[in-house]
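1. Just to be clear, the model below is a prediction. Sequence and coordinates:
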Amino acid sequence: MIEDPRAGCQELTFSRPVRLSPGGEGALEDYARALTSARHAEALPSPLDPACVAGLHLCAPEGPLLDEQRRDVEAFAREMETPAEGGSLGWS
């Protein structure tokens with residue numbers, strides 16, 4: 001449901017992609033939408049690894065995104081980051 005960027009939408013790009021579970025992705029979208037008062041938020045897949053989130057598309061947030069909001073959303077995503085498949089030790 002990404003709207004036309006000319007409709008006041010903005011994109012928030014992370015410093016590096018984040019791997020999230022489907023539930024984590026939904027929680028990230030909800031958090032970003034609430035924090036920015038956006039009408040809609042959608043996670044953007046990384047072009048290099050579609051299993052990772054590169055940022056968010058925010059439809060009509062309340063004003064321009066502040067650096068603090070950008071940092072908060074990315075920090076929230078990093079707190080929920082999941083390891084890459086095959087990244088566990090297998091015996092733990």
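-> Great, that's in hand. Bear in mind the structure is a predicted one, so any value in this text is a computation, not a measurement.
2. where in the protein is pLDDT low?
-> Flagging of the chain using pLDDT under 70 yields the residue ranges 1-7, 85-92.
3. Going along the chain, name the helices of it.
-> For the chain, the helices defined by DSSP state H occupy 22-36, 67-79.
4. Point out the most buried one among the ones you listed.
-> helix 22-36 (a mean of 17; mean count of other CB atoms under 10 Å). In this view, the C-beta of every residue, glycine as well, is placed from N, C-alpha and C.
5. re earlier: in JSON lines, list the helices of the chain along with distance to residue 10.
-> Formatted as JSON lines, these follow (distance: least, CB to CB, whole Å):
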{"stretch": "helix 22-36", "distance to residue 10": "8"}
{"stretch": "helix 67-79", "distance to residue 10": "10"}
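6. Relative to residue 15, which of the ones you listed is closest?
-> The closest of these to residue 15 is helix 67-79. By CB to CB, the value is 6.7 Å.
7. so what's residue 48 up against?
-> Residues counted as contacts of residue 48 (CB atoms under 8 Å, 6 or more residues apart in numbering) are residue 17.
8. Let me fix that, I meant to ask about residue 62.
-> So residue 62 contacts 36, 37, 38 (CB under 8 Å, 6+ apart).
9. what's the closest non-adjacent residue to the first one?
-> Taking CB to CB, 6 or more residues apart in numbering, and ignoring the residues beside it in sequence, residue 36 has residue 61 as its nearest neighbour in space, at 3.9 Å.
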